[in-house]
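Participant: what follows is a predicted protein model with its sequence.
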Amino acid sequence: MADLTHMEKKELLALTRNTIKKYLTGGERADPPLDKPVFMEKRGVFVTLHRNGELRGCIGYPLPYKPLGEAVVDNAIAAATEDPRFPAVTSAELGELDIEISVLTVPQKVAGPDQVQVGRDGIIISKGFQRGLLLPQVPVEQGWDLEQYISYGCRKAGLAPDEWERGVQIEVFQAAVFGEREMGEEP
């Protein structure tokens, strides 16, 4: 799994913004780039949208189902129009959106919460058919310690916050997280 260069990150951010704009203004999908091998690698990826510093949408694939370029296009549209927590983004909001992309490693099972490192690991908590995922930047942004992080992961899975004490499956992954703001990109 190749690391992304600064230019490739900028290209993916531009692809995300162009995809959302094209979809909101004409209902069309953007074509993912096919010119670089890294964009053809199957990768897990999330697209996160913020507006005025507040979450506005976040959708992704935790597993490497599709090539990175195609997954970014899919999740850009989904984050803007399908996140059930928010109404669809409007074209009037485009200039106010800050885009962030998280490119994930493949999740790995761990024995327990003590093997999770806050700030490094994203988590997937599951029990039965219930499953919840939190990206690695979330506990840092929220100021959570490990217990809070695991508890919120349980909540995200629809479980009691202390369900981890009775046994849940925990998977961890890492992510290359980059956004327009830190890359010096303007909407």
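Facilitator: Everything's here; your move.
Participant: show me the contacts for Glu82.
Facilitator: Neighbour list for Glu82: Ile59, Ala88 [criterion: C-beta atoms under 8 Å, 6 or more residues apart in numbering]. Where you see a C-beta, it was placed from the backbone N, CA and C, and this is true even at glycine.
Participant: relative to Thr105, how far out is it?
Facilitator: Using C-beta to C-beta, to the nearest Å, Glu82 is found at 25 Å from Thr105.
Participant: counting contacts, what elements does the helix or strand bottoming out on mean pLDDT in the chain pack onto?
Facilitator: Every helix and strand of the chain was ranked by mean pLDDT, DSSP states H and E. The lowest is helix 180-183, at a mean of 78. Contacts defined by 3 or more C-beta pairs under 8 Å, 6 or more residues apart in numbering; DSSP states H and E place helix 180-183 against helix 6-26, strand 97-104.
Participant: how's this protein carved up into domains?
Facilitator: What automatic domain parsing lists as the domains of the chain is 6-104, 108-173.
Participant: double-check that Val140 belongs to a helix.
Facilitator: Yes - under DSSP: H, G, I helix; E, B strand; the rest coil, Val140 falls within a helix.
Participant: for the spatially closest residue to it that is not a sequence neighbour, which residues are in contact?
Facilitator: Leaving aside its sequence neighbours, Val140 sits nearest to Gly119 (C-beta to C-beta, 6 or more residues apart in numbering; 5.1 Å). Applying C-beta under 8 Å, 6+ apart to Gly119 gives the contacts Pro136, Pro139, Val140.
Participant: same check on Glu8?
Facilitator: Taking C-beta under 8 Å, 6+ apart, one finds Lys36, Val38, Phe39 in contact with Glu8.
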